[in-house]
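**Student:** model the following, please.
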Amino acid sequence: MEEKLKQANEGKWLFWGGLYGILLLAIGSTLNYTEPYTPGPATNPVLWQLLFWAALYLPVIGLPLAAHWKVTDFGFSLSPYLALAALIVTLLCAALTNAKAGTWGSGALEAFARTGEEVFFRGFLITFFMQLFGKKRRAWLWAVIASSLLFALAHTQTFQPSFSSQNGSPQAPVLYTIVERLLNVFGTGLVLALLRVGTRSILPGAIAHSIINSNLLALPFVLVIYGLIIFWATRRGEQVSFGFGTQDG
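**Tutor:** Numbers count the residues shown, from 1 in each chain. Below you'll find the model as predicted:
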């Protein structure tokens with residue numbers, strides 16, 4: 001009887017979590033499509049953008065409080081693997097990304113926004129799909145593919161004429177530009193999701209996402225946000241540190 005009640009409670013919160021995810025994806029996709037496309041780091045966001053970015057963090061706060069999910073399940077942990085991966089990702093992104101002009105303010109905004117996206121897509125959605133596909137073989141792989149597909153589909157600014165005019169080639173059809181962009185975003189999502197699964201952390205993805213969208217000025221703010229959530233997890237009594245021998249345990 002107790003086991004049935006536990007399963008019913010888990011199913012209930014899985015339903016509400018899924019509903020919240022659908023709502024947030026619908027809102028984000030609509031806003032991405034209707035708002036004018038502006039490339040480059042965020043410098044002067046409007047109120048709805050700040051509220052939407054904040055909403056991306058709600059699952060990692062609300063579900064551990066209401067449904068007894070663990071903060072660490074959302075990709076918040078510390079390990080030697082994570083330190084090495086974070087260092088490599090930082091160096092690669094610093095070398096590959098263009099030196100975009102920016103300020104500490106834009107770095108903070110990009111860190112808040114892109115870390116929020118990692119919390120939602122690689123933290124919440126991967127955790128959600130791993131529970132949803134829990135009885136399937138390689139549930140983590142299904143979660144990686146599903147979250148990456150939704151990540152690509154949420155980039156509806158790709159369908160704006162202004163995006164094609166700024167990023168497409170005059171010789172290439174508009175459809176080619178759209179498909180190429182969505183495949184690139186899907187591939188990026190796959191890489192970030194695999195990093196999250198491999199390191200049990202969203203930190204490498206948050207670093208890559210923030211630096212590529214702005215520059216290295218975003219890095220300290222990503223680390224502060226991640227550190228604050230790690231601190232909250234430890235205050236809840238969760239084990240956040242894993243050694244080489246416990247990465248899969």
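**Student:** C-alpha only now, for contacts and for neighbours.
**Tutor:** Will do.
**Student:** just give me the longest helix of this structure.
**Tutor:** Ranked by residue count, the top helix of the chain under DSSP state H comes out as helix 2-34.
**Student:** what about the helix or strand hosting G227, distance to the chain center?
**Tutor:** Counting by DSSP states H and E, the element that carries G227 is helix 219-235. In this view, helix 219-235 has its centroid 15 Å away from the chain centroid, taken as CA atoms, centre = their mean, to the nearest Å.
**Student:** residues touching F129, list them.
**Tutor:** 139-140, 142-143, 146-147 (CA atoms under 8 Å, 6 or more residues apart in numbering).
**Student:** what about those residues, which one has the most neighbours?
**Tutor:** Using other CA atoms under 10 Å as the neighbour criterion, S147 leads those with 26 neighbours.
**Student:** per-residue pLDDT of E117, please?
**Tutor:** We note a pLDDT of 97 for E117 in this prediction.
**Student:** list the buried residues for the host helix or strand of it?
**Tutor:** Assigned by DSSP H and E, E117 belongs to helix 104-117. For helix 104-117, the neighbour count (16 or more other CA atoms under 10 Å) marks 106-117 as buried.
**Student:** can you lay out those residues as CSV showing distance to T156?
**Tutor:** Output for these, formatted as CSV (distance: CA to CA, whole Å):
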residue, distance to T156
S106, 23
G107, 24
A108, 24
L109, 21
E110, 19
A111, 21
F112, 21
A113, 17
R114, 17
T115, 20
G116, 18
E117, 15
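**Student:** mind checking the SS state of Y37?
**Tutor:** coil (DSSP: H, G, I helix; E, B strand; the rest coil).
**Student:** right, and it touches S162 too?
**Tutor:** Yes. Y37 is within contact range of S162, at 6.6 Å (criterion: CA atoms under 8 Å).
**Student:** OK, contacts around the residue most central in space within the chain?
**Tutor:** Nearest residue to the geometric centre of the chain (CA atoms, centre = their mean): E118, 1.6 Å. Applying CA under 8 Å, 6+ apart, we find E118 in contact with 202, 205-206.
**Student:** tell me which helix or strand in this protein has the weakest average pLDDT.
**Tutor:** Among the helices and strands of the chain, helix 161-167 carries the lowest confidence by mean pLDDT, DSSP states H and E, at a mean of 81.
**Student:** related to what we said a few turns ago, what is the helix holding E117 packed up against?
**Tutor:** helix 47-55, helix 203-213, helix 219-235 (3 or more CA pairs under 8 Å, 6 or more residues apart in numbering; DSSP states H and E).
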